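Whatever this is, show me its structure:
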Amino acid sequence: MRSQESIRYYDTHAAAITLLEGEDRSYLQPFLNELRNGARVLDLGCGTGGDLKIFKSQGYRASGLDASKGMILEAQKRGLEVEERNILFWSPREGTLDGVWINRTFQHFKPKEAQRVVASAFRALAHDGVLGVIVPEGTGSFEDRTHDLDGPSRLIHLYTEKQLSSMIEQTGFRIIRIGRREADGISELLVIGKRV
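Residues are numbered from 1 along each chain as shown. Reported below is the predicted structural model:
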């Protein structure tokens with residue numbers, strides 16, 4: 001597993017990533033539509049906090065976890081509630097959340113690792129809790145050195161609709177929405193599930 005190198009990639013490029021963040025967060029709307037007012041939301045792999053900032057502005061009780069110190073520092077500069085933690089080893093209390101958001105985080109995990117995180121999210125969510133996942137769509141994996149050809153890289157894993165849907169359903173979620181969008185020339189898959 002090359003997760004340490006991916007973490008170094010984000011530590012190195014956190015400030016640049018913050019500057020490059022787009023303001024369009026319309027991809028959040030299908031997830032937000034499923035949350036009740038004042039919901040408790042956790043952003044797993046929150047990065048610099050762009051999505052987390054929207055959750056807070058919408059009145060949700062939101063916090064985030066990320067393994068990169070650099071990304072956490074950028075999120076804290078925004079006044080967001082974040083904690084440095086590798087989500088592969090996240091052990092939540094049962095039924096304490098209403099929503100778990102995982103945007104482009106599984107791209108760094110092999111399917112077995114991602115399955116472990118989905119199982120943890122299931123435990124953390126209350127009845128009717130909502131899981132939202134965005135991943136790059138496709139098969140295989142590739143090494144990405146965006147921002148610095150000589151610096152640390154990150155390994156990106158791609159997921160098919162069948163692969164991601166199966167992982168989520170096998171854990172006990174009912175899938176309520178599947179969508180797609182193009183971002184930076186890459187097709188991304190959005191899956192929203194509900195704990196039943």
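
where's the helix or strand hosting Lys112 relative to the chain centroid, distance-wise?
Assigned by DSSP states H and E, Lys112 belongs to helix 111-124. Relative to the chain's own centre, helix 111-124 is displaced by 12 Å; criterion: C-alpha atoms, centre = their mean, to the nearest Å.

Residues contacting it, please?
1, 42, 44, 87-88, 90-97, 100, 102, 105-106, 109, 131, 133, 157, 159, 163, 167-168, 170-173, 195 (C-beta atoms under 8 Å, 6 or more residues apart in numbering). Using the backbone N, CA and C atoms, a C-beta is placed for each residue, glycine as well.

Looking at the residues you listed, which are in strands?
Residues of these located in strands (DSSP state E): Leu42, Leu44, Leu97, Val100, Ile102, Leu131, Val133, His157, Phe173, Arg195.

from those, which is closest to Glu74?
Of all the ones in strands among the contacts of helix 111-124, Glu74 sits closest to Leu44, with 16.7 Å by C-beta to C-beta.

burial of that closest one, as a residue count?
Using other C-beta atoms under 10 Å, Leu44 is surrounded by 23 other residues.

pretty sure Leu32 is touching Gly59, no?
No: contact criterion C-beta atoms under 8 Å: Leu32 and Gly59 do not qualify, at 10.6 Å.

that older thread, going through the contacts of helix 111-124, which ones are buried?
Buried members of the contacts of helix 111-124, scored by 16 or more other C-beta atoms under 10 Å, are 42, 44, 87, 90, 92, 97, 100, 102, 105-106, 109, 131, 133, 157, 159, 163, 167-168, 171, 173, 195.

just to revisit the earlier point, Leu32 and Gly59: who's more crowded?
Between Leu32 and Gly59, counted using other C-beta under 10 Å, Leu32 has the larger neighbour count: 18 against 11.

Next, the closest residue to that one other than its chain neighbours: phi, psi?
The shortest distance from Leu32 to any non-neighbouring residue, by C-beta to C-beta, 6 or more residues apart in numbering, is to Gln58 (6.5 Å). When read as degrees, to the nearest 10, the backbone of Gln58 gives phi -90, psi 0.

Around Gln58, count how many other residues there are.
15.

what does Asp24 give?
Applying other C-beta under 10 Å, I find that Asp24 has 8 neighbouring residues.

what secondary structure does it sit in?
Under DSSP: H, G, I helix; E, B strand; the rest coil, Asp24 falls in the coil class.

any idea how far it lies from Asp51?
Distance, Asp24 to Asp51, using C-beta to C-beta, to the nearest Å: 12 Å.

And Asn37, how far from Tyr60?
Distance, Asn37 to Tyr60, using C-beta to C-beta: 8 Å.

Compare the two and say which is more crowded by neighbours.
Using other C-beta under 10 Å as the criterion, Asn37 and Tyr60 rank with Tyr60 on top: 21 against 7.

thought that one was touching Glu34?
No: Tyr60 is beyond contact range of Glu34, at 11.9 Å (criterion: C-beta under 8 Å).
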